[in-house]
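Q: After the sequence you'll find the predicted model.
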Amino acid sequence: MRIKVLQGFSNTYIVHNQGEGLIVDPGNPFDGIGKQVEDLKINAIIITHGHFDHYIYLDDYKKRLGAPVYMNFKDRYLVDNAPSWVKEFFGISINYVPKLDYDLTEGMSIVVGGLSLKIIETPGHSPGSVSIIGPKFLITGDLVFEDGGIGRTDLPGGNDEELMNSIKRIIQFPDDYTVYPGHGNPFTVKDLKRWIPV
């Protein structure tokens, strides 16, 4: 299984294996990844949480790829009300409310080229934040970042205690697992244990 990343407004990931793939967080223009997915059958588009920078280009991805969209519906209210709270917190006007196809919940699996990726709920940055677990990797959205940064909790639905509990859950994975965050560069669980001793 391979993972490619497009860094920009947020990190957009292509996870692929044996000619199949999925997109995680379509927060960058499709043109940046178009050539990298043209030979793949994209099974799903996953949104790790309901903050607009992680799905702002979703419609274009869905139109080009025809794949169903998964997000934890505990964050649906963030998506539905984004035009108001984004303006309040960031001073940015958006008029986009994406169409979501399926609820993404604890224990679900997404199969990519015969390999199963597991979904776990890791709330705190938002109520519906999820992480994707694969062979020796985790994609964690805005839970944790390089050098020990953690997801902000001052946006609607953020919760400090839940965030730290979710980080403790991630730290239980083996040291050699690679963590792919929602922004910035990847790191290992071993790094995370050094940065955030919990």
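A: Thanks, I have it.

Q: Run the chain-centre distance for stretch 39-58.
A: 8 Å (C-alpha atoms, centre = their mean, to the nearest Å).

Q: Go through that stretch and flag the buried ones.
A: For stretch 39-58, the neighbour count (16 or more other C-beta atoms under 10 Å) marks 40-58 as buried. (C-beta placed from N, C-alpha, C; glycine too.)

Q: likewise stretch 101-119?
A: By 16+ other C-beta under 10 Å, the buried positions in stretch 101-119 come out as 104, 108, 110, 112, 113, 117, 119.

Q: what's the answer for stretch 128-142, then?
A: Neighbour-count burial for stretch 128-142 flags 128-134, 137-142 (criterion: 16+ other C-beta under 10 Å).

Q: Let's see which of the buried residues of stretch 39-58 end up in strands.
A: Within the buried residues of stretch 39-58, residues falling in strands by DSSP state E are 41, 42, 43, 44, 45, 46.

Q: Residue 148: which of those residues is nearest?
A: Proximity of those to residue 148 (C-beta to C-beta) peaks at residue 46, which lies at 25.4 Å.

Q: How confident is the prediction for the closest one, by pLDDT?
A: What the model reports as pLDDT for residue 46 is 98.

Q: With the one 5 residues further on instead?
A: At residue 51 the predicted local confidence, pLDDT, stands at 94.

Q: Ok, the one 3 residues further on next?
A: You'll see residue 54 listed with a pLDDT of 94.
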